[in-house]
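**Student:** Sequence below, structure please.
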Amino acid sequence: MARHDAWLWQGAVDEEMAAHQECQTWELVHAPVYANVAGSRWAYDYKTNSDGEVNRYRAIFCLQGFTQHRGVDYDEVYAPCPAKATVRAVLTVVAN
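**Tutor:** This next block holds a predicted model:
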């Protein structure tokens, strides 16, 4: 965050955290002593228009889930749903 556009990245981070709070995707709890706590990190990306100009700064909070084991560290799995346009395109290909 030592860049000249750090305030834009901070706005993207704030937007991502607000989205997580609005969707209630997580809650802060104390970890048990025996728990394998997974790490996390921020991924940053630009969203550009067709001219290559930056439209939006995007920050994504990523969990390093590769250190977890099903049934030991977690019981539930979150799977995002595809967009309607993607489902329609796949069904069109299958129908043809």
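**Student:** Show me where this structure has its strands.
**Tutor:** Assigned by DSSP state E, the chain shows strands spanning 40-48, 54-63.
**Student:** chain center to stretch 59-68, what's the gap?
**Tutor:** In terms of C-alpha atoms, centre = their mean, to the nearest Å, the centre of stretch 59-68 is found 8 Å from the chain centre.
**Student:** Check stretch 36-45 too.
**Tutor:** 10 Å.
**Student:** and among the strands of the chain, the most buried is which?
**Tutor:** Across these, the average number of neighbours (mean count of other C-beta atoms under 10 Å) peaks for strand 54-63, which reaches a mean of 13. C-beta: built from backbone N, CA, C; applies to glycine.
**Student:** That strand pairs with which strands?
**Tutor:** strand 40-48 (antiparallel) (DSSP bridges).
**Student:** Other residues contacting the strand it pairs with?
**Tutor:** Residues from elsewhere that reach strand 40-48 (C-beta atoms under 8 Å, 6 or more residues apart in numbering): 9, 12-13, 54-64.
**Student:** Max pairwise distance over those: which two?
**Tutor:** The distance between the two most remote of the contacts of strand 40-48 (C-beta to C-beta) is 28.5 Å, for Asn55 and Gln64.
**Student:** With mean pLDDT and distance to Arg3 added, can I get the strands of the chain in CSV?
**Tutor:** Formatted as CSV, these follow (pLDDT from 0 to 100; distance: least, C-beta to C-beta, whole Å):
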stretch, mean pLDDT, distance to Arg3
strand 40-48, 89, 10
strand 54-63, 88, 11
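**Student:** right, and the ones you listed - which one's nearest Met17?
**Tutor:** strand 54-63 (7.5 Å).
**Student:** neighbouring contacts of that closest one?
**Tutor:** Strand 54-63 is contacted from outside by 5, 8-9, 11-13, 15-17, 20, 38-49, using C-beta under 8 Å, 6+ apart.
**Student:** gap between Gly39 and Val77?
**Tutor:** Distance of Gly39 to Val77, given as C-beta to C-beta, to the nearest Å: 19 Å.
**Student:** These two: which has the busier surroundings?
**Tutor:** Neighbour count, other C-beta atoms under 10 Å: between Gly39 and Val77, Gly39 has more, with 10 against 6.
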